[in-house]
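**Student:** quick one, structure for this:
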Amino acid sequence: MKPCNYAKMLHEDDCSKAFEAVLAQSGKFGHYQRRLYAIVSAMHVVCTSILTYMKFIPNLELKQECTEIIVSDGNSSFLFLRFNETATYPVTCRTYYDNDNGLELDWKFPEWAYPGFEPDVRTAIHYSQCIGLAVGFVLGSILSDLLGRRRVMYAFFTLLCIAQCSCGAAQSWKFFLVCRGVVGFGAGSFIVTSLVLVLEYVGHDWRDICICLVPWWFGPSLLSLEALVTRHWRYLALFSGLAGGPLIGSYFLVLESSRWLLCHHRFSQAEQTIKEVVACNCRPVPELTTLFDISRTCILNTMHKKTFTYLDLFTTGRLRRGTFAVIFTWFLGSTAYCGLFRDIRQLTSNPYLNNFILYNTDAVVIVCAVLINKCLGRRWCLFLYAMSSGLVSLCILVLHVSNETIDMSMINSLGFFTKMGVTTTLTIINLVTMETYPTVIRYHSTTQYRFLCTAA
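**Tutor:** Model prediction:
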């Protein structure tokens with residue numbers, strides 16, 4: 001059997017050309033592609049809302065508020081409100097738990113979220129979810145290459161929703177910690193699988209739109225709406241998990257990736273899948289049989305069945321250069337994003353509106369980036385957004401060094417705009433990552449860089 005030649009696959013892949021010809025005639029973004037995009041987008045909204053669930057379990061602080069009456073000369077009296085101070089002549093006192101997110105006082109939180117609980121559960125839960133994400137990125141990639149895109153995507157999305165509902169039923173912090181780890185694992189596996197499945201079914205002209213404009217930013221808005229209604233950590237977990245239930249039934253509306261079936265020499269299933277896509281798009285392809293025969297011949301002559309690993313990302317000089325360049329960009333971008341997102345203060349006094357603004361404003365910049373990308377291409381668009389984010393970050397640094405008195409509202413605004421630029425940079429580099437590599441190692445490349453993002 002001939003060894004697999006990646007350079008030839010990148011430059012002379014007749015199989016890919018034949019499949020693109022089928023898409024060009026049947027519709028690069030036809031009825032089936034629109035259906036697939038809508039389903040995956042809805043699943044990403046639910047996934048993002050589940051991942052940001054911990055934002056509504058804030059840091060709590062015990063406070064005391066006393067009303068003190070003080071009598072002065074002339075028998076005049078004054079009322080003073082004292083916070084966390086000893087009142088000599090208190091009229092009324094009350095204690096309550098304040099939080100750093102501005103949530104209402106009638107919110108119900110788990111017992112481990114209150115002050116005085118040992119150990120530091122919040123930190124452990126945070127790392128549990130991050131470790132789960134990293135493991136999900138790695139194992140989800142391997143399983144999707146072995147078992148198929150659709151099966152793995154829906155299996156881990158179901159696991160994600162079940163784990164989120166289990167968080168609402170948790171009676172101890174240990175069980176809650178395990179559930180958050182499973183949530184991260186399911187989300188990591190689902191995110192990688194779903195994006196590549198969409199990429200492999202749309203034409204080149206629609207890839208940037210379908211990948212960059214997956215509306216994940218609506219997830220925190222959905223969570224904010226659920227939080228506004230429930231105001232209880234258990235009910236919020238249950239509602240956010242059950243929101244994905246109807247989407248699990250869309251399994252029968254999504255087809256397996258034809259490219260994956262071809263690469264695994266399952267030609268009869270691949271042909272049947274392509275015919276279903278053509279029939280769904282209602283645009284006949286007269287040369288469908290001829291184009292499929294070209295794909296099958298190319299696969300049999302240039303590829304043999306094997307299990308691909310992460311080492312295959314470094315097999316040729318071009319792959320090695322591209323891999324190291326994208327690793328460097330992913331690591332810097334994810335580090336900057338995590339730092340900015342953590343330090344940006346509340347933009348408004350309303351926590352639900354603040355959550356909406358913090359995420360949904362990214363959509364405006366990403367849409368602009370897609371339009372610029374259509375004119376200038378991936379590389380220049382990535383360069384412009386990365387440089388603009390770096391220049392604004394440099395302005396923040398200069399202000400900190402040069403001024404003794406710093407206007408924190410201005411710093412917060414600059415940090416907010418920098419975060420939007422970094423988010424757009426990561427979105428574009430995600431698209432570049434998936435387009436750089438052939439089908440057989442596309443999952444491994446996407447997984448590796450998302451793993452670095454989680455580690456950062």
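
**Student:** next, count neighbours for residue 413.
**Tutor:** When neighbours are defined as other C-beta atoms under 10 Å, residue 413 has 13 of them. For the C-beta atoms, the positions are set from N, CA and C on the backbone; glycine is no exception.

**Student:** what distance do you get for it to residue 399?
**Tutor:** For residue 413, the distance to residue 399 equals 11 Å [C-beta to C-beta, to the nearest Å].

**Student:** quick one: buried residues of the helix or strand hosting residue 221?
**Tutor:** Taking DSSP states H and E as the definition, residue 221 sits inside helix 218-230. In terms of neighbour count (16 or more other C-beta atoms under 10 Å), helix 218-230 has its buried residues at 218-224, 226-227, 230.

**Student:** dump those residues into CSV; add pLDDT and distance to residue 289 as well.
**Tutor:** Converted to CSV, the buried residues of helix 218-230 look like this (pLDDT from 0 to 100; distance: C-beta to C-beta, whole Å):
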residue, pLDDT, distance to residue 289
218, 92, 42
219, 92, 43
220, 90, 48
221, 90, 47
222, 91, 45
223, 92, 49
224, 91, 52
226, 91, 50
227, 91, 54
230, 91, 55
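
**Student:** out of the residues you listed, which one sits closest to residue 37?
**Tutor:** residue 218 (14.2 Å; C-beta to C-beta).

**Student:** leaving out sequence neighbours, find the closest residue to residue 175.
**Tutor:** residue 166 (7.7 Å; C-beta to C-beta, 6 or more residues apart in numbering).

**Student:** the one you found contacts residue 179, correct?
**Tutor:** Yes: with contact defined as C-beta atoms under 8 Å, residue 166 reaches residue 179; the gap is 4.7 Å.

**Student:** name the element the residue nearest to residue 175 belongs to?
**Tutor:** Assigned by DSSP H and E, residue 166 belongs to helix 149-168.

**Student:** list the buried residues for that helix?
**Tutor:** Judged by neighbour count (16+ other C-beta under 10 Å), helix 149-168 contains these buried residues: 149-150, 152-168.

**Student:** cool, and stretch 182-200?
**Tutor:** Buried, per 16+ other C-beta under 10 Å, within stretch 182-200: 182-200.

**Student:** what's the answer for stretch 286-302, then?
**Tutor:** Across stretch 286-302, burial judged by 16+ other C-beta under 10 Å covers 288, 291-292, 294-296, 298-299, 302.

**Student:** now those as a markdown table including secondary structure and pLDDT?
**Tutor:** Below are the buried residues of stretch 286-302 laid out as a markdown table (DSSP: H, G, I helix; E, B strand; the rest coil; pLDDT from 0 to 100):
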| residue | secondary structure | pLDDT |
| --- | --- | --- |
| 288 | helix | 78 |
| 291 | helix | 78 |
| 292 | helix | 78 |
| 294 | helix | 78 |
| 295 | helix | 77 |
| 296 | helix | 79 |
| 298 | helix | 77 |
| 299 | helix | 74 |
| 302 | helix | 69 |
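
**Student:** nearest to residue 127, of those?
**Tutor:** Nearest to residue 127 among the buried residues of stretch 286-302, with distances taken as C-beta to C-beta, is residue 299, at 43.1 Å.
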